[in-house]
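# Build me a structure from this.
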Amino acid sequence: MGISDGLLRLSVGLEDPDDLIEDLGRALVGEMRTGLAAE
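Take a look at the predicted model:
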């Protein structure tokens, strides 16, 4: 099993779940705005 362009690695530590969800949402929105998600 190798690393592909479609791979998403998510590492979660000891943080507030709401903070994690908010950070992930912001990251995904930023990805869509840059157009990288469509590639």
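# I'd like the average pLDDT over the helix or strand where residue 28 lies.
Assessed by DSSP states H and E, residue 28 sits inside helix 17-34. Taken as a whole, helix 17-34 carries a mean pLDDT of 82.
# which residues sit in contact with residue 2?
Residue 2 makes no contacts at all, as judged by CB atoms under 8 Å, 6 or more residues apart in numbering. Where C-beta positions appear, they are placed from N, C-alpha and C, glycine not excepted.
# how would you label it: helix, strand or coil?
coil (DSSP: H, G, I helix; E, B strand; the rest coil).
# burial count for residue 20?
13 (other CB atoms under 10 Å).
# circling back: alpha carbons of the helix holding residue 28, as PDB, please.
C-alpha atoms of helix 17-34 as PDB (Å, rounded to 0.1, in the frame of the first residue of the first chain):
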ATOM      1  CA  PRO A  17     -13.800  18.000  19.700                       C
ATOM      2  CA  ASP A  18     -15.500  21.200  18.600                       C
ATOM      3  CA  ASP A  19     -12.100  22.800  17.900                       C
ATOM      4  CA  LEU A  20     -11.100  19.800  15.800                       C
ATOM      5  CA  ILE A  21     -14.300  19.900  13.800                       C
ATOM      6  CA  GLU A  22     -13.900  23.700  13.200                       C
ATOM      7  CA  ASP A  23     -10.300  23.300  12.200                       C
ATOM      8  CA  LEU A  24     -11.100  20.500   9.800                       C
ATOM      9  CA  GLY A  25     -14.000  22.500   8.200                       C
ATOM     10  CA  ARG A  26     -11.800  25.500   7.700                       C
ATOM     11  CA  ALA A  27      -9.100  23.300   6.100                       C
ATOM     12  CA  LEU A  28     -11.500  21.700   3.700                       C
ATOM     13  CA  VAL A  29     -13.000  25.100   2.700                       C
ATOM     14  CA  GLY A  30      -9.600  26.500   2.100                       C
ATOM     15  CA  GLU A  31      -8.700  23.400  -0.100                       C
ATOM     16  CA  MET A  32     -11.800  23.900  -2.200                       C
ATOM     17  CA  ARG A  33     -11.100  27.600  -2.600                       C
ATOM     18  CA  THR A  34      -7.600  27.000  -4.000                       C
END
